[in-house]
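*Asks:* Pasting the sequence and the predicted coordinates here, then a few questions.
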Amino acid sequence: MDWNPQQYLEFADERGRPFLDLLGRVRAQKPRRVVDVGCGPGNLTALLAARWPDAIIEGIDSSPQMVAQASAVPGVDARLGDATEFQPPTDCDVLISNATLQWVPDHPAVIARWAEALPTGGWLAFQVPDNFGAPSHQLMRSRAKSPRWRDQLGGVLRHHDTVARPGEYGALLRRAGLRTDVWQTTYLHLLEGADPVLKWVRGTGLRPVLQALSASDAAEFEQEYAAELRAAYPSDSDGRTTFPFTRTFCVGYKP
């Protein structure tokens, strides 16, 4: 799936805050190697280089467009890679994945493998959206399944919205011998402009839908979907739109 770094970065502050909240619970002092799986355009990976300037900082992403942008970030070695196939090196003391694993089928098995591979004293931290029951996603799925679109979009969203419950992630990490810190946060983002929720999902969850359609069909789908989003997320009197977004955070430490 192609990604547009500029589209993704349109809400850089809102998308970046969960990364900061996740990173704040990682207590590594002098890691040898820090890996960001799903580094995107590298704007957040840069924070890892700033925090641990003596460490090797790697960014891995499956999108050539994202890797091209991340490669320009000072102190970051960005390269193409698949989260499903990634195996942490033996000196990987910090492994972070921010809003990526929800795209990976059977990602609990991937997490378990990463946790097992951590060296003593290593940290594993990841964050996944848990808003797939929100109107933004429910409306997208229901429209994709409608008679007008189901032949073109059947199965497109099949595995892109599967995450476990917070307790399940915690139990998984504990079985791998990690001490865990697991929590959820619901952010109430205040978005500005016309159709801001549509602009948000264009950068992430809507991309598989748009890429499965021709340009004219994608425009038609967006027009119908945007009208539903405006009804589900009305703007306030000041013109801003409240967009609730729940995320699950997991941090594990291997003693």
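*Replies:* Done, it's in.

*Asks:* Any idea which residue is closest to the centre of the chain?
*Replies:* Centroid-nearest residue in the chain: residue 99, 1.6 Å away (criterion: CA atoms, centre = their mean).

*Asks:* got the phi/psi numbers for residue 168?
*Replies:* For residue 168, the backbone dihedrals (degrees, to the nearest 10) come out as phi -70, psi -40.

*Asks:* any idea how far the nearest residue to residue 185 once chain neighbours are set aside is from residue 201?
*Replies:* The shortest distance from residue 185 to any non-neighbouring residue, by CB to CB, 6 or more residues apart in numbering, is to residue 247 (5.8 Å). Backbone N, C-alpha and C define where each C-beta goes, glycine included. According to CB to CB, to the nearest Å, residue 247 and residue 201 sit 15 Å apart.

*Asks:* And residue 73, by the same measure?
*Replies:* 26 Å.

*Asks:* could you give me the average pLDDT of whichever strand or helix holds the residue nearest to residue 185?
*Replies:* Element membership for residue 247, per DSSP states H and E: strand 241-253. The pLDDT scores in strand 241-253 average 97.

*Asks:* Okay, buried residues for that strand please.
*Replies:* Neighbour-count burial for strand 241-253, counted by 16 or more other CB atoms under 10 Å, picks out 241, 243, 245, 247-253.

*Asks:* Same check on stretch 74-86?
*Replies:* Those would be 76-78, 81, 83, 86, for stretch 74-86 by 16+ other CB under 10 Å.

*Asks:* do stretch 204-215 as well
*Replies:* Across stretch 204-215, burial judged by 16+ other CB under 10 Å covers 204-210, 212-213.

*Asks:* Pick out whichever of those sits closest to residue 145.
*Replies:* Among the buried residues of stretch 204-215, residue 209 lies closest to residue 145 (CB to CB), at 11.5 Å.

*Asks:* what helix or strand is the closest one on?
*Replies:* Applying DSSP H and E as the criterion places residue 209 in helix 207-212.

*Asks:* Distance from the chain centre to that helix, please.
*Replies:* How far helix 207-212 lies from its chain's middle: 17 Å, per CA atoms, centre = their mean, to the nearest Å.

*Asks:* One more: stretch 100-120?
*Replies:* Here stretch 100-120 is found 14 Å from its chain centre; the criterion is CA atoms, centre = their mean.

*Asks:* and what of stretch 150-169?
*Replies:* A distance of 14 Å separates the centroid of the chain from that of stretch 150-169, by CA atoms, centre = their mean.

*Asks:* With stretch 114-134 instead?
*Replies:* The answer for stretch 114-134 is 11 Å, by CA atoms, centre = their mean.

*Asks:* just to revisit the earlier point, looking at the buried residues of stretch 204-215, which two lie furthest apart in space?
*Replies:* Spanning the widest gap among the buried residues of stretch 204-215 are 204 and 213, at 16.8 Å by CB to CB.

*Asks:* Identify the residues contacting stretch 83-95?
*Replies:* Applying CB atoms under 8 Å, 6 or more residues apart in numbering, the contact partners of stretch 83-95 are 26, 28, 31-35, 37-38, 48, 52, 55-56, 60, 62, 97, 100-101, 103-105, 107, 110, 113-114, 117-119, 121-125.

*Asks:* again with stretch 188-200
*Replies:* Contacts of stretch 188-200 (CB under 8 Å, 6+ apart): 10-11, 14, 136, 206, 222, 225-226, 229-230, 232-233, 239-245.

*Asks:* quick one, helices of the stretch 101-250 of the chain?
*Replies:* Applying DSSP state H, counting those that start in this stretch to the stretch 101-250 of the chain gives helices spanning 107-117, 135-144, 150-153, 166-175, 196-202, 207-212, 215-232.

*Asks:* just checking, what packs against the fourth one?
*Replies:* Think helix 166-175. Packed against helix 166-175 by the contact rule (3 or more CB pairs under 8 Å, 6 or more residues apart in numbering; DSSP states H and E) you find helix 107-117, strand 179-191, strand 241-253.
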